[in-house]
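Q: make a model of this:
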Amino acid sequence: MKRLASESFVEIIEPEQASPFELALTFQSRPGTIDRELVERLHERMPLAGLAVVLGTWCEGEMRTGTPLPHCERVFFYQFEAWWRTVRIAWLAGRPAPWQRPAQTEPELIPLTGGPLVAIDAVDADTANALIDACECLGASGVWVPRFAKRPLSTQPAAGIWVGAQLDETEAMQLAEFRQSLPAEMPLVVLLDFPRVDRARRATQLGATSVLGKPWRLEQLASVLSQEPGAQTPLPQLIPQ
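A: Model prediction:
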């Protein structure tokens, strides 16, 4: 496995020393809590390594009203599992990680083997059709299960996608109903508007295997849909601060 460090390692890497790390992660709960100078020093001391910042919900408007950290790929907390799985698969296969590929390169997609059927619970046809198109790009088939006009599927799906807003109590009941209609071990991806920590946790309690925010990214959707039922991707071990 490639070596990984938290931001604390900047003090133990000499400027002339070759960086032993492939990736540095920093964690930002609110705008301004990470020193930009620290990030600049990280970049100077390990220019070939990746830099990523894992963001909390308070950072959602930072691109419009704040000053984002330089040189960093921005990954929100609800994207991290899917993002990390994509990075890890690339490393284990000996392929370049996202930050090692040329700019403007199309994201690497994890295909869904076997042409699985994905059940899509969405309120409107436009949302469902966009997800059906996404499934086709990944080698799968999507079928819309209209939320207010339920009809049984003739073929059992291999995964499910449920689309909501902020997961209020009404939506929570609808998500629970959709989860109950699927086999217990089946992957279920929940898409929400700007997920908050409590809402993401609630979705998981209701049976979601992954939660992503909107607008979702195709490579992250592929990552979470392709994960084997019950499988867990090892998370990185960090040097403590």
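
Q: alpha carbons only for contacts and neighbour counts from here, please
A: OK.

Q: can you map out the helices along the protein?
A: Shown for the chain, the helices assigned by DSSP state H span residues 36-45, 62-65, 80-92, 125-137, 169-180, 197-205, 218-225.

Q: please look at R147 and A125 and confirm they touch.
A: No: using CA atoms under 8 Å, R147 is not in contact with A125, being 10.5 Å away.

Q: ok, back up a step: mind putting the helices of the chain into JSON lines with mean pLDDT and mean neighbour count?
A: Converted to JSON lines, these look like this (pLDDT from 0 to 100; neighbours: other CA atoms under 10 Å):
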{"stretch": "helix 36-45", "mean pLDDT": "86", "mean neighbour count": "16"}
{"stretch": "helix 62-65", "mean pLDDT": "76", "mean neighbour count": "10"}
{"stretch": "helix 80-92", "mean pLDDT": "86", "mean neighbour count": "18"}
{"stretch": "helix 125-137", "mean pLDDT": "96", "mean neighbour count": "17"}
{"stretch": "helix 169-180", "mean pLDDT": "95", "mean neighbour count": "15"}
{"stretch": "helix 197-205", "mean pLDDT": "94", "mean neighbour count": "16"}
{"stretch": "helix 218-225", "mean pLDDT": "90", "mean neighbour count": "22"}
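
Q: quick one, domains of the chain?
A: For the chain, automatic domain parsing gives the domain ranges 4-77, 117-225.

Q: those domains into TSV, with extra columns for distance to P98?
A: Formatted as TSV, those follow (distance: least, CA to CA, whole Å):
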stretch	distance to P98
domain 4-77	9
domain 117-225	11
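
Q: out of the ones you listed, which is closest to A97?
A: domain 4-77 (8.5 Å; CA to CA).
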